[in-house]
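Colleague: sequence-free structure coming up:
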């Protein structure tokens, strides 16, 4: 078909200071974009900058990144706590907590500070992009860009369009994903997009299998990694994602599609209730020492 129009993107903004925000900011700065990260506080902004630098230093130590590229990338990154700093960005990626009220508040703020024509993206993995869009007066410029963790390593970005997203905003997201060295896949705005809609029923069945005592956690993980070539087994993956985040995604899928098979596994609900959240908390489906 005819080439999709894309707006020029000279500067990228990132909102947030967690793992995803830090990873996305690193990818942008490394790929040559002046990058502005905005966190909730100056302290968090400093921590995010330090985290990007540590990640780049690891790349240098492993011989994956030339030392001068570290200096250049850090030179492109600025971080602070003032949203006004995003006024000069052509694309802003929101990567705050996976909570629709928090995200809608961020989008209402972005609507105020960002220049007309800026593309506003959410990195949500499970919430409706349209709800972020409707918190602004420019829903045609709002899109999903779902990066995968760790963002510097994973090549996929799900580019999510709502019924209101303009062709230009979509084209811009695709052009930027390509410039970041990512493979973009288009998907409509529905629960789970493509990856999680396929992945989570599988992860949920693995928990049920463990709960019913068919096999140990290690054996379940081993068969899928050694037998199916997955980079890690389902239970270890759940621990890495975070059991609380996983449960939230599973609940969204169940609420949307009403398929009884999508009911969150009892064992997953129990672990989250007991505060066992996976790798970040030291224990989940496996113990993490």
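Modeller: Thanks, I have it. Predicted, not measured: the structure shown is a model, and the values here were computed from it.
Colleague: Need the residues that contact the helix or strand hosting residue 169.
Modeller: Residue 169 is located in helix 167-179, with elements delineated by DSSP states H and E. Residues outside helix 167-179 that contact it (Cβ atoms under 8 Å, 6 or more residues apart in numbering): 4-7, 9, 12, 31-33, 90-91, 119, 121, 140-143, 145, 157, 159, 161, 183-184, 186. (Each C-beta comes from the backbone N, C-alpha and C, glycine too.)
Colleague: distance of residue 138 from residue 128?
Modeller: Noted for residue 138: a distance of 17 Å to residue 128, by Cβ to Cβ, to the nearest Å.
Colleague: which non-adjacent residue is nearest residue 186?
Modeller: Using Cβ to Cβ, 6 or more residues apart in numbering and skipping the chain neighbours, the partner closest in space to residue 186 is residue 159 (5.5 Å).
Colleague: Quick check: bridge partners of the one you found?
Modeller: Beta bridges link residue 159 to residue 145, residue 186 when assigned by DSSP bridges.
Colleague: Helices of the stretch 101-250 of the chain, start to end?
Modeller: 129-133, 167-179, 195-211, 217-222, 228, 234-241, 243-257 (DSSP state H, counting those that start in this stretch).
Colleague: Mind putting those into a markdown table with distance to residue 100, mean neighbour count and mean pLDDT?
Modeller: Below are the helices of the stretch 101-250 of the chain laid out as a markdown table (distance: least, Cβ to Cβ, whole Å; neighbours: other Cβ atoms under 10 Å; pLDDT from 0 to 100):
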| stretch | distance to residue 100 | mean neighbour count | mean pLDDT |
| --- | --- | --- | --- |
| helix 129-133 | 6 | 23 | 98 |
| helix 167-179 | 20 | 20 | 97 |
| helix 195-211 | 16 | 18 | 96 |
| helix 217-222 | 32 | 17 | 97 |
| helix 228 | 34 | 8 | 95 |
| helix 234-241 | 19 | 23 | 95 |
| helix 243-257 | 10 | 20 | 93 |
